[in-house]
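Colleague: Give the three-dimensional model of this entry:
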Amino acid sequence: MSLTAVPMPDAPPGAPPGSRPDDPPGSDFAPLLREVRAQGLLHRRRAWYACAVTGNLLVLSAVVAALVHTGPSWWALLLVVLLSLSSARAAFLAHDAGHLQISPNRRVGRALQLVHGNLLLGMSQDWWNDKHNRHHAHPNHVDKDPDVAPELSQGRHTLRGDRAHRLVPQGTRPPTRRGWGTARQIG
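Modeller: Alright, predicted model coming up:
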């Protein structure tokens, strides 16, 4: 399927966003969203997701059966590749269910999230939904997006004064009696 541009009225050169007749003021995203919708790229693909969920569950079942069959053997390590692919697939399916991409019904989406996230991955979907919603509210904003950790991109440690501090991303450590922390002193 090839993408073709949807004809839109041109704005004068150097015009700010929102200068096209049908753009809301300040929106750079509106023209792209119109083009994506015109191409039908946001339509739900229920049959594809049904095959993906079924296939993922079959692969996971086969891995578990093979683990039971091999027992405590080094041959079980060969199954790690399939298990990692199945786990990554489960995470993406839980993500899409959270965005109601699989089903418009919130209960169905929540059930799919619980099965793929909580049951298959062992990850709290409530924690993930909160973190992901904050990410979508402030994408790539250094101070507000929980998926952006500028300190971690500079290495494992950073210097503050004369002491080195190990950086722990916020929300990745269990709460202490003081609450959630962002950094722990190691030196």
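Colleague: Please, where are all the strands along the chain?
Modeller: 157-160, 163-167, 183-185 (DSSP state E).
Colleague: Packing partners of the lengthiest helix in the chain?
Modeller: The residue-count maximum for a helix in the chain (DSSP state H) belongs to helix 46-70. If contacts are counted by 3 or more C-beta pairs under 8 Å, 6 or more residues apart in numbering; DSSP states H and E, helix 46-70 sits against helix 80-98. Where C-beta positions appear, they are placed from N, C-alpha and C, glycine not excepted.
Colleague: Would you confirm that residue 46 contacts residue 101?
Modeller: No - under the criterion of C-beta atoms under 8 Å, residue 46 is not in contact with residue 101, lying 9.9 Å apart.
Colleague: These two: who's more crowded?
Modeller: It is residue 101, of residue 46 and residue 101, that has more neighbours when counted by other C-beta atoms under 10 Å, with 17 against 11.
Colleague: Report the contact partners of the closest residue to the more buried one other than its chain neighbours.
Modeller: What sits nearest to residue 101 in space, not counting adjacent residues and going by C-beta to C-beta, 6 or more residues apart in numbering, is residue 44, at 6.3 Å. Shown in contact with residue 44 (C-beta atoms under 8 Å, 6 or more residues apart in numbering): 101-104.
Colleague: Most neighbours among those, please name it.
Modeller: residue 102 (23 neighbours).
Colleague: any idea how far residue 44 is from that one?
Modeller: 7 Å (C-beta to C-beta, to the nearest Å).
Colleague: sorry, back to before: can you list the buried residues in the longest helix of the chain?
Modeller: Residues of helix 46-70 classed as buried by neighbour count (16 or more other C-beta atoms under 10 Å): 49, 52-53, 56-57, 60, 63.
Colleague: The nearest residue to residue 62 once chain neighbours are set aside - how many residues pack around it?
Modeller: Once flanking residues are discounted, residue 62 sits nearest to residue 82: 7.5 Å by C-beta to C-beta, 6+ apart. Look at residue 82: counted by other C-beta under 10 Å, it has 14 neighbours.
Colleague: Go ahead and confirm residue 82 touches residue 56.
Modeller: No - using C-beta under 8 Å, residue 82 is not in contact with residue 56; the gap is 10.7 Å.
Colleague: Pick the one among the buried residues of helix 46-70 closest to residue 90.
Modeller: residue 56 (6.1 Å; C-beta to C-beta).
Colleague: contacting residues for that closest one?
Modeller: 86, 89-90, 93.
Colleague: Go again with 10 Å.
Modeller: 85-90, 92-93, 116, 120 (C-beta atoms under 10 Å, 6 or more residues apart in numbering).
Colleague: Ok, residue 82 next?
Modeller: Counting by C-beta under 10 Å, 6+ apart, residue 82 makes contact with 59-60, 62-63, 66.
Colleague: per-residue pLDDT, the closest residue to residue 70 other than its chain neighbours?
Modeller: Leaving aside its chain neighbours, residue 70 sits nearest to residue 76 (5.0 Å; criterion: C-beta to C-beta, 6+ apart). Looking at residue 76, its pLDDT is 88.
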